[in-house]
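1. Quick one: sequence and predicted model below, then my questions.
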Amino acid sequence: MNVTIVAFDKFTDIDVFLPWDLLNRVKFRNKDWTVKIVGTKPVHRSVCGIELPMHGDIAECNTADIVFFSSGPGTRELIKDKNYLQQFNLDPERQIICSMCSGALILAALGHLDGLTATTYPTATEQLKSYGIDVVQEPLVIHGNIATAAGCLAAIKLVSWIIDTKLSREIREDVIASIQPVGQGLECIY
């Protein structure tokens, strides 16, 4: 199972690093699970200034089992970049395609949210609505293999759904239990 997390210049740090950490915890329970952060350049800089080396190119998204679009101010530029968007040939029939916060703008620009409801970070709501998307105020919205999450900690809900969908409830429970605050029981995340 191949997971790609899409990064770009001016990505939101937590929306790459939290899913990266959680999705990599799966490897301790399933050896056939790989996670890569991919982009268009060898290194992308986060909104907080961290320079992050990429593990591969965004072309890998086209064959990945799971494509996870991160968020950040950089999404506003990418949705206007036809060359960037044309590099994606994603298929929700065979892939999970999902986003955090303003990453939903990329899903909309690619046409994957047409006719669906979606969620996004409040500062991206009007721009997402401009694509004709019905934006709802929920942390996680799922339609088949397409999912949008909003609010950085909603990554926990999104990753939980991904693990449940692709692997099992038991693996999801193990991963989430490993990050629960001490003394708190495991509760249903999504």
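-> Thanks, I have the structure now. Residues are numbered from 1 along each chain as shown.
2. Show me the helices in the protein, by range?
-> For the chain, the helices defined by DSSP state H cover 13-25, 74-78, 82-85, 103-109, 125-129, 154-166, 169-177.
3. Can you lay out those as TSV showing mean pLDDT, mean neighbour count and distance to Val6?
-> To be clear about C-beta, it is placed using only N, CA and C from the backbone, and glycine gets the same treatment. Below are the helices of the chain laid out as TSV (pLDDT from 0 to 100; neighbours: other Cβ atoms under 10 Å; distance: least, Cβ to Cβ, whole Å):
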stretch	mean pLDDT	mean neighbour count	distance to Val6
helix 13-25	97	20	9
helix 74-78	97	19	9
helix 82-85	98	11	10
helix 103-109	98	27	8
helix 125-129	97	17	17
helix 154-166	96	22	14
helix 169-177	93	17	21
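4. my guess is Ile106 meets Ile79, correct?
-> Yes. Using Cβ atoms under 8 Å, Ile106 makes contact with Ile79 at a distance of 6.1 Å.
5. which residues do those two both contact?
-> Common contacts of Ile106 and Ile79, defined by Cβ atoms under 8 Å, 6 or more residues apart in numbering, comprise Leu85.
6. Show me where the chain dips below the pLDDT cut-off.
-> Within the chain, the segments meeting pLDDT under 70 span 185-190.
7. give the contact list for the residue nearest to the spatial centre of the chain.
-> What sits nearest the mean C-alpha location of the chain, by Cα atoms, centre = their mean, is Phe68, with 3.1 Å. Residues near Phe68 by Cβ under 8 Å, 6+ apart: Val3, Thr4, Ile5, Val6, Pro19, Leu23, Cys98, Ser99, Met100, Leu158, Ile162.
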